[in-house]
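Student: sequence first, predicted model second:
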Amino acid sequence: MKAFIILSNNNTKELSVMSKKDYHANVQNIYNYEPLSSTDTMEDANLLKDHIQSIGVQTYFDNIISNSTCID
């Protein structure tokens, strides 16, 4: 189960990690943060957050799109 979410702060564009439980506990979070991805562990979430920060959010999504296959 994906327990941690990598988020982009809508005001500062800073990336952070939050548990799904904490994210859903405050309804304001849906206005303050944009979820980018989720992971099973905090360690994996921090590694992915660092990776996204190093390449940029747009590049991260471009890589996902270029590596996905279309289902007809």
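Tutor: On my side now, so go ahead.
Student: list the contacts of stretch 4-24.
Tutor: 2-3, 29, 31-42, 44-46, 48-49, 52-53, 57 (CB atoms under 8 Å, 6 or more residues apart in numbering). Using the backbone N, CA and C atoms, a C-beta is placed for each residue, glycine as well.
Student: what about these, which are in strands?
Tutor: Using DSSP state E, the members of those that fall within strands are 33-39.
Student: got a quick ChimeraX command for the buried subset of those?
Tutor: To isolate the buried members of the ones in strands among the contacts of stretch 4-24 in ChimeraX, using 16 or more other CB atoms under 10 Å:
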select :33,36,37,38,39
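Student: pLDDT and distance to residue 18 for the ones in strands among the contacts of stretch 4-24 - can I get that in JSON lines?
Tutor: Shown next, in JSON lines, are those (pLDDT from 0 to 100; distance: CB to CB, whole Å):
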{"residue": "33", "pLDDT": "98", "distance to residue 18": "8"}
{"residue": "34", "pLDDT": "97", "distance to residue 18": "12"}
{"residue": "35", "pLDDT": "97", "distance to residue 18": "9"}
{"residue": "36", "pLDDT": "97", "distance to residue 18": "11"}
{"residue": "37", "pLDDT": "97", "distance to residue 18": "12"}
{"residue": "38", "pLDDT": "97", "distance to residue 18": "10"}
{"residue": "39", "pLDDT": "98", "distance to residue 18": "12"}
